[in-house]
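here is a sequence with its predicted model. Questions after.
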Amino acid sequence: MRCVIARYPFDLTKDGVLESMKGVDPETVVGESVTIGRRRYPVKQVGQIITRQDRRDFTSGEVVRAMTKLGFTCHQEPAATPAPAPALSPVQAASAMLGGTSADETGGQAG
């Protein structure tokens with residue numbers, strides 16, 4: 001399939017991409033990614049390998065478009081993971097273990 005990445009035409013095939021990525025360890029995925037074989041690669045890494053161009057020369061969208069047309073599964077940026085709930089203070093934790101309520105739940109101490 002002919003596609004244009006960074007203003008240059010490339011004739012890409014699914015088998016050719018699989019062969020190019022064989023033996024390449026995936027970098028940490030922080031943005032858009034593509035599943036090739038059983039591995040998930042950042043699209044910029046894939047684009048650099050299959051085009052032999054600098055990552056700054058093309059957009060991730062160009063690579064996603066090409067990989068989708070070839071039949072690979074592309075993924076959007078990973079969803080932000082929610083921040084963990086704040087930990088209980090030692091007094092709150094002890095109170096919860098004993099079946100009591102914390103001051104936050106009752107709105108303060110009764111008195």
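Right, received. Where do you want to start?

per-residue confidence at the residue nearest to residue 35 when sequence neighbours are not counted?
Leaving aside its sequence neighbours, residue 35 sits nearest to residue 73 (C-beta to C-beta, 6 or more residues apart in numbering; 4.5 Å). Where you see a C-beta, it was placed from the backbone N, CA and C, and this is true even at glycine. Listed pLDDT for residue 73 reads 92.

for the chain, which residues score under the pLDDT cut-off?
Residues of the chain that meet the criterion pLDDT under 70 lie in 78-83, 101-111.

make it 80
Low-confidence segments of the chain, defined by pLDDT under 80: 77-88, 100-111.

can you get me a residue count around the residue nearest to residue 35?
11 (other C-beta atoms under 10 Å).

likewise the one 3 residues further on?
The tally of other residues near residue 76 (other C-beta under 10 Å) stands at 9.

just the endpoints, please. Distance across stretch 8-18?
Taking C-alpha to C-alpha, to the nearest Å, stretch 8-18 runs 21 Å from one end to the other.
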